[in-house]
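Engineer: no letters, just coordinates:
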């Protein structure tokens, strides 16, 4: 499908480059990019890569704010490049940098592996409260029960919330908003019985207690997941658990040492 | 499914709950307290001027319930402030954490004990 | 795989003063105001314990212009504390579901601030009533 709109105007894109083999540190490179009003910043980057500089590296996939690949700092804010439109930023130059608080692998590509480990660490699967065989039928859930955790299931793992969070910036071991949203997706699911197990995993300094309720994670989220709520409601739960654990029946934590 | 090693439990909940209690108390009654003790009582506006005199204040502080109110307000306001100041100083990287804790929680603890001691000294 | 040398950008020391974090820092500093007011109350308690003369000294400070100014400033800080407190507090609660949909946090903020206004007004009315009846 050919472009419907002609690219008659030009905008300057200042991109923070970093090539591990040749660069000691990141350095800005400016590009003049023809654009039309329907374009996203992702399309500007693709235009540069296709027509001006094939060495520019960046992650992208769906182009429609659902895969979570194209997170980056655009004019200092953590944004999805496919969801940020040139018409809203033009005619001033646009500054593009890799996602804040993450190490840079190359150009706009950041290290994702620590985030993946955090996601894996919070038991990201239903641990059934009352296991059922297939023959016994489906687990039933009312719309109200689903509403209790639904927003947390909308997370696309784009990590914009981590780029927004200054406590993650200060402490890279902080479990962070995205992993906590996933944790709450499961802890808030009426079918799940693994609440204590997950609560125990985030009761430390690097768990919920690194959070100071700055709240910008929820502002940055492109999917209205509200990770700030996921983290902070678990502060309440963790604080109550701190005192209530002495009267809790010991058998509760599934298989874990109490 | 083998549960993973559980991280060491943080002591933060103790300070967070006191921060929360102090925050709620000050949010609900703080403005009124400031208006009463800082404006209305000293200037005798809306309340008799003698209400703020030594006799009345002493009787309030000698009353067991009055003592509880004074202790709760002063102590919780200090612990609320201590947590927030500690975390802000930590954000600003103002110093080593043990030093910051002493300067905030430590001071709050001392002032709480002082308040308790004074309330007991004032008698019943 | 080509050579990896991940580059770590240091967090700026003054991040708490830059947007979008300055609002959060100012919110947290209202806690210092709360503690300062607690300090004024403690000063009153100390004067009370030292006797009538010391307490009169404290009272005369309270009726000074300086004290009035300090208290007005603390009142402004306290009111900002009230507003930001109820903006933050809903985050610490599980999502409230009413009628199959969840209650937006803004509603809880408005309810909280209204409750705080009610409580403070009630306390002032109580003291005025006790004063009038005494």
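Structural biologist: Thanks, I have the structure now. Everything numeric in this text was worked out from a predicted model, so none of it was measured.

Engineer: any idea which helix is longest in chain B?
Structural biologist: helix B:64-91 (DSSP state H).

Engineer: list the buried ones in it?
Structural biologist: B:66-67, B:70-71, B:73-91 (16 or more other C-beta atoms under 10 Å in any protein chain shown). Where you see a C-beta, it was placed from the backbone N, CA and C, and this is true even at glycine.

Engineer: ok, and of these, which contact chain C?
Structural biologist: B:70, B:73-74, B:77-78, B:80-85, B:87-88, B:91 (C-beta under 8 Å from any C-beta of the partner chain).

Engineer: those residues also near chain A: which ones?
Structural biologist: Near chain A, by the rule C-beta under 8 Å from any C-beta, you find B:87, B:91 out of these.

Engineer: mind checking how far residue A:22 is from residue A:103?
Structural biologist: 18 Å (C-beta to C-beta, to the nearest Å).

Engineer: look at these two and report which has more neighbours.
Structural biologist: residue A:103 (17 against 7; other C-beta atoms under 10 Å in any protein chain shown).

Engineer: correct me if wrong: that one contacts residue C:10.
Structural biologist: No. In this structure, residue A:103 is not within contact of residue C:10 by C-beta atoms under 8 Å, at 11.4 Å.

Engineer: report the contact partners of residue A:104.
Structural biologist: A:18, A:26, A:98, A:110, A:111, C:6, C:7, C:8, C:9 (C-beta atoms under 8 Å, 6 or more residues apart in numbering or on different chains).

Engineer: before we move on, back to that, so how far is the longest helix of chain B off the chain centroid?
Structural biologist: Taking C-alpha atoms, centre = their mean, to the nearest Å, one finds the center of helix B:64-91 at 2 Å from the center of the full chain.

Engineer: leaving out sequence neighbours, find the closest residue to whichever residue of chain B sits closest to chain A.
Structural biologist: Residue of chain B nearest chain A, by C-beta to the nearest C-beta: residue B:7 (3.3 Å). With sequence-adjacent residues excluded and distances taken as C-beta to C-beta, 6 or more residues apart in numbering or on different chains, residue B:7 is closest to residue A:204, at 3.3 Å.

Engineer: also residue C:61?
Structural biologist: residue C:67 (5.5 Å).

Engineer: what's the burial count for that neighbour?
Structural biologist: With other C-beta under 10 Å as criterion, residue C:67 counts 18.

Engineer: circling back: pretty sure the residue of chain B closest to chain A sits against residue A:209.
Structural biologist: No. Here residue B:7 lies out of contact with residue A:209, judged by C-beta under 8 Å, at a distance of 10.2 Å.

Engineer: how about the secondary structure of the closest residue to residue B:48 other than its chain neighbours?
Structural biologist: Counting by C-beta to C-beta, 6+ apart, the nearest residue to residue B:48 once its immediate chain neighbours are dropped is residue C:131, at 5.2 Å. Of the three states, residue C:131 takes helix under DSSP: H, G, I helix; E, B strand; the rest coil.

Engineer: close to chain C, is the helix or strand bottoming out on mean pLDDT in chain B?
Structural biologist: The helix or strand of chain B with the poorest confidence is helix B:41-43; it has a mean of 91 (mean pLDDT, DSSP states H and E). Yes. Legend: contact between helix B:41-43 and chain C by C-beta under 8 Å from any C-beta is shown at B:41, B:42, B:43.

Engineer: please compute how far that helix lies from its chain's middle.
Structural biologist: 23 Å.

Engineer: likewise for stretch A:235-255?
Structural biologist: Worked out by C-alpha atoms, centre = their mean, stretch A:235-255 lies 29 Å from the chain centre.

Engineer: now it: mean pLDDT?
Structural biologist: Averaging the model's pLDDT scores along stretch A:235-255 yields 80.

Engineer: same check, this time on stretch A:55-71
Structural biologist: pLDDT averaged over stretch A:55-71 gives 98.

Engineer: show me what that stretch is in contact with.
Structural biologist: Residues contacting stretch A:55-71 (C-beta under 8 Å, 6+ apart): A:15, A:17, A:19, A:40, A:42, A:45-46, A:48-49, A:72, A:78-83, A:99, A:106-109, A:156-160, A:163, A:222-223.

Engineer: and those residues, which of them are buried?
Structural biologist: Here, 16+ other C-beta under 10 Å leaves A:15, A:17, A:40, A:42, A:45-46, A:48, A:72, A:78-83, A:99, A:106-109, A:156-160, A:163, A:222-223 buried among those.

Engineer: restricted to strands, list those residues.
Structural biologist: A:15, A:17, A:72, A:78, A:79, A:80, A:106, A:109 (DSSP state E).

Engineer: what sits against the third one?
Structural biologist: This means residue A:72. Residue A:72 makes contacts with A:58, A:78, A:79, A:81, A:96, A:97, A:98, A:99, A:108, as judged by C-beta under 8 Å, 6+ apart.

Engineer: ditto for the last one
Structural biologist: With contacts defined as C-beta under 8 Å, 6+ apart, the neighbours of residue A:109 are A:57, A:58, A:59, A:98.

Engineer: and what of the fourth one?
Structural biologist: By C-beta under 8 Å, 6+ apart, the residues touching residue A:78 are A:71, A:72, A:99, A:100, A:160, A:161, A:163, A:164, A:220.

Engineer: skipping its backbone neighbours, what lies nearest the third one in space?
Structural biologist: Right, residue A:99. residue A:163 (4.4 Å).

Engineer: do the same with the last one
Structural biologist: What sits nearest to residue A:220 in space, not counting adjacent residues and going by C-beta to C-beta, 6+ apart, is residue A:164, at 3.9 Å.
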